[in-house]
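[1] predicted structure and sequence below. I'll ask about it afterward.
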Amino acid sequence: MKAIGYQNNLPIDNEQSLQDITLDKPVASGRDILVEVKAISVNPVDYKIREGRPAAEGEYAVIGWDAAGTVTAVGEDVSLFSVGDNVYYAGDLTRSGSNAEYQLVDERIVGHMPASLSFAEAAALPLTTITAWEMLFDRLQVPVSDSAANDSGSSENANNVSVLVIGAAGGVGSILTQLLKTRTSATIIGTASRDKSVQWLKDLGADHVINHRNPLSDELQKTGIAEVDYVVSLNNTEDHYEEIIKCLKPQGKLGLIDDPKSLDANPLKTKSLSLHWEFMFARSMFSTPDMIEQHHLLNAVAKLIDAGEIKTTVAHNLGAITAEHLRSAHQMLEKQQAHGKIVLEGWSA
């Protein structure tokens, strides 16, 4: 099968950093399904792994953690899918990735693909959707609205809360903003600095958009909101940390997904603020008992999409799945030049 991989951790402008290769087609067993990958999307985790995780000696490492495709074979213990099902998923950081024609993935972290989307539109969603959903509803426990509570069977009381999302125009922020708009009564404040990104967030449902190049507390005041209940920091947390603390109400919650080199928790004490990490691969990496929740949430989001309540976050389609196009995608992410998601679709003949 065709695949894209690397043997050495090289800068993305080096053609050997990602190469077109040929590998053996894998075989499904146990709870694995074998998916024929039709489209992929690219995330910051891809270039971070490419830069820092070595390939096994004499072998190629295949990365990529977002895909949509068709089930072509199932293991003997599979019960959630059948051959011919269209699926979407992020996969498992400890296993071979989606930059290949065929991929093995545990059925418990796979969802049925939204029927209303193309493979490329669906491939843009899994990693960011899981991250956003888990951050909001598992980690921060943002209360859902009455209608969403009825749909999900939740009995949470939906207060009118406020959420500040830093880096909201990116891949995670784009779906997180929509989940807030669809499933909560929260006032949504997103950050962006470019005109295109500001408009993107307004179109997705943000109530206010402020500029993260200025002090966040000053920008927040301009909206008429003094402090917020939650801050979701999706990038550059270290740069904004003092301002985040200023922006949070006493007993507020801070959630983050990026990788600050250091983070002093002591300043959180005075306001009794809590800190919450989201890492969507934790469930699959540790085979947690609730690992199947990712299957359920992907199916729930597929229903929201097919009902027209959430839309795909594709912003850039770079064409066929080739090493050249994939290098371009990595480069865009490394330079923080993208809003929404970058996708590639189909394999060149």
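    Structure's in. What do you need?

[2] all helices for the stretch 201-349 of the chain, in order.
    216-222, 237-247, 282-285, 293-306, 323-334 (DSSP state H, counting those that start in this stretch).

[3] make a markdown table out of these and add distance to Leu344, mean neighbour count and mean pLDDT.
    The way it works is simple: take the backbone N, C-alpha and C, and place the C-beta from them, glycine included. Converted to a markdown table, the helices of the stretch 201-349 of the chain look like this (distance: least, CB to CB, whole Å; neighbours: other CB atoms under 10 Å; pLDDT from 0 to 100):
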| stretch | distance to Leu344 | mean neighbour count | mean pLDDT |
| --- | --- | --- | --- |
| helix 216-222 | 35 | 17 | 96 |
| helix 237-247 | 29 | 18 | 96 |
| helix 282-285 | 23 | 17 | 96 |
| helix 293-306 | 20 | 19 | 97 |
| helix 323-334 | 5 | 19 | 95 |
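
[4] is it possible to get TSV of those that adds distance to Val142?
    Output for the helices of the stretch 201-349 of the chain, formatted as TSV (distance: least, CB to CB, whole Å):
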stretch	distance to Val142
helix 216-222	18
helix 237-247	16
helix 282-285	19
helix 293-306	14
helix 323-334	27
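
[5] any idea which of these gets closest to Trp200?
    helix 323-334 (15.5 Å; CB to CB).

[6] and that closest one, C-alpha only, in CSV?
    Only the C-alpha atoms of helix 323-334 are listed here, as CSV (Å, rounded to 0.1, in the frame of the first residue of the first chain):
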residue,chain,number,x,y,z
ALA,A,323,4.5,13.7,0.5
GLU,A,324,4.8,17.1,-1.2
HIS,A,325,1.3,18.2,-0.3
LEU,A,326,1.7,16.9,3.3
ARG,A,327,5.0,18.8,3.7
SER,A,328,3.1,22.0,2.6
ALA,A,329,0.5,21.3,5.2
HIS,A,330,3.1,20.8,8.0
GLN,A,331,4.8,24.1,6.9
MET,A,332,1.5,26.0,7.1
LEU,A,333,0.9,24.8,10.7
GLU,A,334,4.4,25.4,11.8
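
[7] who are the packing partners of it?
    strand 32-42, helix 44-52, strand 341-345 (3 or more CB pairs under 8 Å, 6 or more residues apart in numbering; DSSP states H and E).

[8] give me the angle between the helix or strand just after the second one and strand 341-345.
    Moving toward the C-terminus from helix 44-52, the first helix or strand encountered (DSSP states H and E) is strand 67-74. With axes from the mean of the first three to the mean of the last three CA atoms, to 10 degrees as the criterion, the two stretches strand 67-74 and strand 341-345 enclose an angle of 50 degrees.

[9] what angle sits between strand 67-74 and strand 32-42?
    Using the same axes, to 10 degrees: strand 67-74 against strand 32-42 is 170 degrees.

[10] from the middle of its chain, how far away would strand 67-74 be?
    Computed by CA atoms, centre = their mean, to the nearest Å, the chain-centroid distance of strand 67-74 equals 20 Å.

[11] what comes into contact with the helix or strand following it?
    Once the chain leaves strand 67-74, the next helix or strand it forms, by DSSP H and E, is strand 86-89. With contacts defined as CB atoms under 8 Å, 6 or more residues apart in numbering, strand 86-89 is touched by 33, 35, 67-71, 81, 105, 109-114, 119, 122-123, 125-126, 298, 302.

[12] okay, strand 86-89 in CSV with CA atoms only?
    Only the C-alpha atoms of strand 86-89 are listed here, as CSV (Å, rounded to 0.1, in the frame of the first residue of the first chain):
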residue,chain,number,x,y,z
ASN,A,86,-17.9,4.9,6.2
VAL,A,87,-16.1,6.1,9.3
TYR,A,88,-14.1,9.0,10.8
TYR,A,89,-11.6,8.9,13.7
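
[13] each with direction, which strands does it pair with?
    Next to strand 86-89 in the sheet, as set by DSSP bridges, lie strand 67-74 (antiparallel), strand 110-112 (antiparallel).

[14] what number of residues lie near Ala349?
    4 (other CB atoms under 10 Å).

[15] from Pro54, how far off is it?
    32 Å (CB to CB, to the nearest Å).

[16] now do Ile4
    In terms of CB to CB, Ile4 sits 17 Å off from Pro54.

[17] how about Met332?
    For Met332, the distance to Pro54 - CB to CB - is 24 Å.

[18] pLDDT of stretch 190-205, averaged?
    Averaged across stretch 190-205, the pLDDT comes to 92.

[19] show residues contacting that stretch.
    164-169, 173-174, 177-178, 180-182, 188, 206, 208-213, 216, 219, 315, 339-340.
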